[in-house]
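Engineer: coordinates only, sequence not included:
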């Protein structure tokens, strides 16, 4: 039973860290620090996935969110002017609006939480999880497969990529001075 | 594939010991942490010494000779010096991030080390997503470099960090493409199973042609990821002083430095594990007498020798190739390596589907 006790302890440690970092993300005045805290939140959710035996998901979580999205965020912050990196003290109107929106969101989230039933899958149902099964499902054309959404997403990503290239392309008439 | 090797990891032993006594389980965790830290420290010093000696001999010099026989304690002395130096944080910098950045770099390196199978019995954790895991945790390294550059409040640092970030993100794509070739052939992302799948021959030559191409792409892309020459323009001293770690000193500079050198080992170990058979002795499928001779050397020594050979290759590159320009760097990745990587991956998939590889028993 020691193993179970240890994983319970780990769960609470990670949960506490996750909540603390989430709060830090919101209240930090410096955007870059908020980005780092956000990275912590995302990394701790990867830890939860590992505890649920969803290692592939955890790996993808780190790869996509930490290695991709947070880096992109940091880049975006770094490319903006540094005087704008510290947020101003918001005006009263903005504070009021923020309070209203966040209260509304909290009520909606809490409502969804109360209304939904979290059914536990029967024990052992998840043991087949793992990379091979995920790979099969992604390329399966049958009713349990996800080949259509998978291909649609790749099409979307391709169009985004081409769009990015078109935007980044300098005008060939202007010569090569703009890289 | 039954290769006859009994494999175990530290994590497995800890899991076995855990139900009996919590202390034993915790002991294994402690062993892993202390072992990994010691390993990194000693390996870092050894690599720095090797780099100096290799560099010296390539230039017909002797290199460090004074401290200890053939200067083997020179790096130890330098390390102690670095530990005692003042740790300066620039005024006007983002203090917290400036202090935290080296830890992100070090964390990426340490996390990658955890998954490497160094011998059948020396591996900390054997995840079934091994390859994906190693690709994923390198993301922390990019973050460390970017934060270091930004928080230093210095133009050179920021420019160096931007260059490093763009370079690492770009070349990660090619490196992953070449890793996928091996994943396709071995049918697993688990590093220990990838090693075991090479019992009859290493993937670099057992996978016809595509193995060699993938190995070369992986080596080039990884060199760029760890910013080694010819891809060391993030710290090109003629233009950027020292890049993202210009403002770092003392212990924190030592951590960046250490992470850089140990990353070189991680890349070599990954190349060894995926393409050169990991800790597997050099076997030719079916030739038993030859294989028996090769088995005389223990697997751990095989791993060390192979990684050392790749490390030497990387150090050799440094004194052979000139540094690339930024536009050449990007052109090389997006217009040369990536198309070759895609075609190679496609060819590899075809070869796997039709079973076109050597020793298919």
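Structural biologist: Alright, I've got the coordinates. Source: prediction; values computed, not measured.

Engineer: Which positions in stretch B:324-337 come out as buried?
Structural biologist: For stretch B:324-337, the neighbour count (16 or more other CB atoms under 10 Å in any protein chain shown) marks B:324, B:329, B:332-333, B:337 as buried. Any C-beta I mention is one placed from the backbone N, CA and C, and that applies to glycine too.

Engineer: End to end on that stretch, go ahead and measure it.
Structural biologist: 15 Å (CA to CA, to the nearest Å).

Engineer: Mind pulling up the pLDDT for residue B:272?
Structural biologist: pLDDT recorded at residue B:272 is 90.

Engineer: next structured bit after the helix or strand encompassing it?
Structural biologist: For residue B:272, the element it lies in under DSSP states H and E is helix B:250-275. Using DSSP H and E, the helix or strand that directly follows helix B:250-275 along the chain is helix B:288-294.

Engineer: pLDDT averaged over that next one - what is it?
Structural biologist: The model assigns helix B:288-294 a mean pLDDT of 76.

Engineer: what residues does that helix touch?
Structural biologist: Helix B:288-294 has contacts (CB atoms under 8 Å, 6 or more residues apart in numbering or on different chains) with B:281-284.

Engineer: Going by neighbour count, list what's buried in it.
Structural biologist: residue B:291.

Engineer: Quick check: which helices or strands does the next helix or strand after it pack against?
Structural biologist: Sequence-wise, the next helix or strand downstream of helix B:288-294 (DSSP H and E) is helix B:299-318. When contacts are defined as 3 or more CB pairs under 8 Å, 6 or more residues apart in numbering or on different chains; DSSP states H and E, helix B:299-318 packs onto helix B:22-58, helix B:210-225, helix B:250-275.

Engineer: quick check, distance from helix B:299-318 to the centre of its chain.
Structural biologist: 11 Å (CA atoms, centre = their mean, to the nearest Å).

Engineer: got it, and stretch B:76-88?
Structural biologist: Worked out by CA atoms, centre = their mean, stretch B:76-88 lies 25 Å from the chain centre.

Engineer: Equivalent analysis for stretch B:334-343, please.
Structural biologist: That offset, for stretch B:334-343, works out to 22 Å (CA atoms, centre = their mean).

Engineer: before we move on, what about stretch A:109-121?
Structural biologist: With CA atoms, centre = their mean as the basis, the mean position of stretch A:109-121 lies at 21 Å from the chain mean.

Engineer: nearest to chain A, of the helices and strands packed on helix B:299-318?
Structural biologist: Chain A sits nearest to helix B:22-58 of all the helices and strands packed on helix B:299-318, at 4.7 Å, using CB to the nearest CB.

Engineer: Against chain A - does the closest one have any residue that ends up touching it?
Structural biologist: Yes. With CB under 8 Å from any CB of the partner chain as the measure, helix B:22-58 is seen reaching chain A through B:22, B:25.

Engineer: helices and strands around that helix, which ones?
Structural biologist: Looks like helix B:22-58 contacts helix A:2-27, helix B:10-17, helix B:74-84, helix B:95-115, helix B:250-275, helix B:299-318 (3+ CB pairs under 8 Å, 6+ apart).

Engineer: coming back round to it: the helix holding residue B:272 versus helix B:74-84: what angle between them?
Structural biologist: Note on geometry: by axes from the mean of the first three to the mean of the last three CA atoms, to 10 degrees, helix B:250-275 and helix B:74-84 are set 130 degrees apart in direction.

Engineer: May I see the buried residues of helix B:250-275?
Structural biologist: B:252-275.

Engineer: tell me which strands and helices whichever helix or strand residue A:167 is part of is in contact with?
Structural biologist: Assigned by DSSP H and E, residue A:167 falls within helix A:147-168. Applying 3+ CB pairs under 8 Å, 6+ apart, one finds that helix A:147-168 contacts no other helix or strand.

Engineer: Show me what it is in contact with.
Structural biologist: A:138-141.

Engineer: Number of residues surrounding the residue of chain A found nearest chain B?
Structural biologist: Nearest residue of chain A to chain B (CB to the nearest CB) works out as residue A:67 at 2.7 Å. Burial of residue A:67 is recorded as 25 neighbouring residues (other CB atoms under 10 Å in any protein chain shown).

Engineer: Would you double-check that it falls in a strand?
Structural biologist: No. Counting by DSSP: H, G, I helix; E, B strand; the rest coil, residue A:67 falls outside a strand, being helix.

Engineer: re the thing from before, same list, the contacts of helix B:288-294, but only the ones touching chain A.
Structural biologist: Counting by CB under 8 Å from any CB, no member of the contacts of helix B:288-294 reaches chain A.
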